[in-house]
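1. Sharing a model prediction with you, sequence too.
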Amino acid sequence: MKAIRVYELGDPEVLRLDELPDPQPLPGQVLVRVHAVGVNPVETYIRSGKYGILPSLPYTPGTDAAGVVEAIGGGVTRVAVGDRVYTAGSLTGAYASLTLCAENRVHLLPPRVSFEQGAAVNIPYATAFRALFQRAKAIPGETVLIHGASGGVGVAATQIAHAAGLRVIGTAGTDRGQKMVAEQGAHHVLNHRESDYAEKILKFTAGQGVDLILEMLANVNLGKDLTLLARGGRVVVIGSRGSVEINPRDVMSRDAAVLGMVLFNTPEKELAVIHAGLVAGLENGTLRPVLGQRFSLSDAARAHRAVMEPGAFGKIVLTP
Ligand code: NAP
């Protein structure tokens, strides 16, 4: 099989296309023929060595792919050879033409969802679902600020929150991104690069503030976020690339809560809940992953540069 291998941590150029023997599924494992791979920011942090838990070298990056079941190991009952699936974790890495997964890490991909869209499901949609419902306990009728709605997680959160009956304010940094966020169901769209967007949020909520914030860049925004919350408001810190100063009084005076999350910490039972919800949303068409740039597998280095650039527009995928 073809696979991207990382022999040393560093710049995107350490992502090298290699030829490896095809993996064989053991009992409880599923081998997937990969048609598309999702590229997530976390894979760039790991590749560059700037992440808490690092794999032993060499390794193949990635957890998110979509394709067709090529072979199954003994005892596998969830899927059969020939099924279309998306993956939510991989034993051998997703940046490859074949990927080996534990049975509970593959989920059926409804016919209306393309392989490229399937590759855009796992990390973005599972993170958005967990942030909204399992961490912040969002309820219909609440107002959510999706702070960074134009990227993978933001688009997912916008669609999920809209479908669940929340009032959605989404932000993006470009006109193109703002237009797309509106198309995905945000009721109000703002540009986080403009100086007066916080005042606009307060105006939109008649001075009350928002019930929830899903924050993609906490090191820049958390201090200001706390001043935009309604009483009992919750911020979920999803992304952060540095430290930040906050005024604890902004949390106290609102009976507010700052909640962190890392998807990889999710207990197995809650992951099952998340993917049951996502598959249902993909089936009924409320969840429609938006595709941005596409690269071939051999161009993984370019994809890693692109995912860290400003001006996000949906999801970056690789095709083997
Ligand atoms: P992405 O596709 O690259 O999108 C990044 C988003 O952040 C875009 O919407 C971007 O908007 C926005 N952004 C840029 N500057 C901003 C600012 N000043 N204020 C608010 N938003 C801003 O990345 P992603 O896959 O959606 O992930 C988003 C972040 O969450 C990343 O840091 C990622 O590592 C993290 N993440 C964490 C978890 C977890 O388990 N905790 C899971 C998934 C992702 P423009 O480009 O339009 O300006």
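-> Yep, it's here. Note that the coordinates shown come from a computational prediction; the quantities given were computed from them, not determined experimentally. Residues are numbered from 1 along each chain as shown.
2. Show me which residues of the stretch 151-300 of the chain sit near the ligand.
-> 151-154, 171-174, 177, 192, 216-217, 220-221, 238-239, 261-263 (C-beta under 6 Å from any ligand atom). The C-beta positions use only the backbone N, C-alpha and C, and glycine is treated the same way.
3. What's the end-to-end length of stretch 286-293?
-> Length of stretch 286-293, first residue to last, C-alpha to C-alpha, to the nearest Å: 22 Å.
4. And the residue of this protein that's closest to the ligand?
-> In the chain, no residue comes nearer to the ligand than G151, which is 1.9 Å away by C-beta to the nearest ligand atom.
5. list the contacts for that residue?
-> Contacts for G151 (C-beta atoms under 8 Å, 6 or more residues apart in numbering) come out as 124, 216, 312, 314.
6. Of those, which belong to helices?
-> P124 (DSSP state H).
7. got a pLDDT number for the residue of the chain closest to the ligand?
-> We have a pLDDT of 96 for G151.
8. Can you list the residue ranges for helices in the stretch 201-320 of the chain?
-> 218-225, 248-252, 268-284, 300-307 (DSSP state H, counting those that start in this stretch).
9. nearest to Y51, of these?
-> helix 300-307 (13.6 Å; C-beta to C-beta).
10. So which elements touch the closest one?
-> Judged by 3 or more C-beta pairs under 8 Å, 6 or more residues apart in numbering; DSSP states H and E, the packing partners of helix 300-307 are strand 15-19, strand 29-39, helix 41-48, strand 291-296, strand 315-319.
11. Rebuild these as TSV, extending it with distance to Q184, mean pLDDT and mean neighbour count.
-> Below are the helices and strands packed on helix 300-307 laid out as TSV (distance: least, C-beta to C-beta, whole Å; pLDDT from 0 to 100; neighbours: other C-beta atoms under 10 Å):
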stretch	distance to Q184	mean pLDDT	mean neighbour count
strand 15-19	30	98	16
strand 29-39	17	98	26
helix 41-48	19	98	20
strand 291-296	13	97	17
strand 315-319	12	97	25
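12. Would you mind putting these into CSV with distance to E245 alongside?
-> Converted to CSV, the helices and strands packed on helix 300-307 look like this (distance: least, C-beta to C-beta, whole Å):
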stretch, distance to E245
strand 15-19, 36
strand 29-39, 32
helix 41-48, 23
strand 291-296, 33
strand 315-319, 32
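13. Scan the contacts of G151 and report the most crowded one.
-> A312 (27 neighbours; other C-beta atoms under 10 Å).
14. Report the contact partners of that residue.
-> Residues in contact with A312 (C-beta under 8 Å, 6+ apart) are 148, 150-152, 154, 172-173, 177, 292.
15. Out of the contacts of G151, which two sit at the greatest distance?
-> M216 and G314 (14.1 Å).
16. State the pLDDT value of K200.
-> On the pLDDT scale, K200 is placed at 96.
17. Correction: the previous question concerned Y7.
-> 98.
18. follow-up on the earlier one: is it possible to get CSV of the helices of the stretch 201-320 of the chain that adds mean pLDDT, distance to P110 and mean neighbour count?
-> Shown next, in CSV, are the helices of the stretch 201-320 of the chain (pLDDT from 0 to 100; distance: least, C-beta to C-beta, whole Å; neighbours: other C-beta atoms under 10 Å):
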stretch, mean pLDDT, distance to P110, mean neighbour count
helix 218-225, 98, 34, 20
helix 248-252, 98, 41, 12
helix 268-284, 98, 4, 16
helix 300-307, 98, 26, 19
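19. Determine which of those approaches A120 most closely.
-> helix 268-284 (10.6 Å).
20. how about the closest one as PDB, C-alpha atoms only?
-> The C-alpha atoms that make up helix 268-284 are tabulated as PDB, following Å, rounded to 0.1, in the frame of the first residue of the first chain:
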ATOM      1  CA  GLU A 268     -16.100   5.000  24.800                       C
ATOM      2  CA  LYS A 269     -19.800   5.100  25.700                       C
ATOM      3  CA  GLU A 270     -19.900   8.800  24.900                       C
ATOM      4  CA  LEU A 271     -18.200   8.300  21.600                       C
ATOM      5  CA  ALA A 272     -20.900   5.800  20.700                       C
ATOM      6  CA  VAL A 273     -23.500   8.400  21.500                       C
ATOM      7  CA  ILE A 274     -21.700  11.000  19.300                       C
ATOM      8  CA  HIS A 275     -21.400   8.700  16.200                       C
ATOM      9  CA  ALA A 276     -25.000   7.500  16.500                       C
ATOM     10  CA  GLY A 277     -26.000  11.200  16.400                       C
ATOM     11  CA  LEU A 278     -23.600  12.000  13.500                       C
ATOM     12  CA  VAL A 279     -24.700   9.000  11.300                       C
ATOM     13  CA  ALA A 280     -28.300  10.000  11.800                       C
ATOM     14  CA  GLY A 281     -27.600  13.600  10.800                       C
ATOM     15  CA  LEU A 282     -25.600  12.500   7.700                       C
ATOM     16  CA  GLU A 283     -28.500  10.200   6.800                       C
ATOM     17  CA  ASN A 284     -31.200  12.800   7.000                       C
END
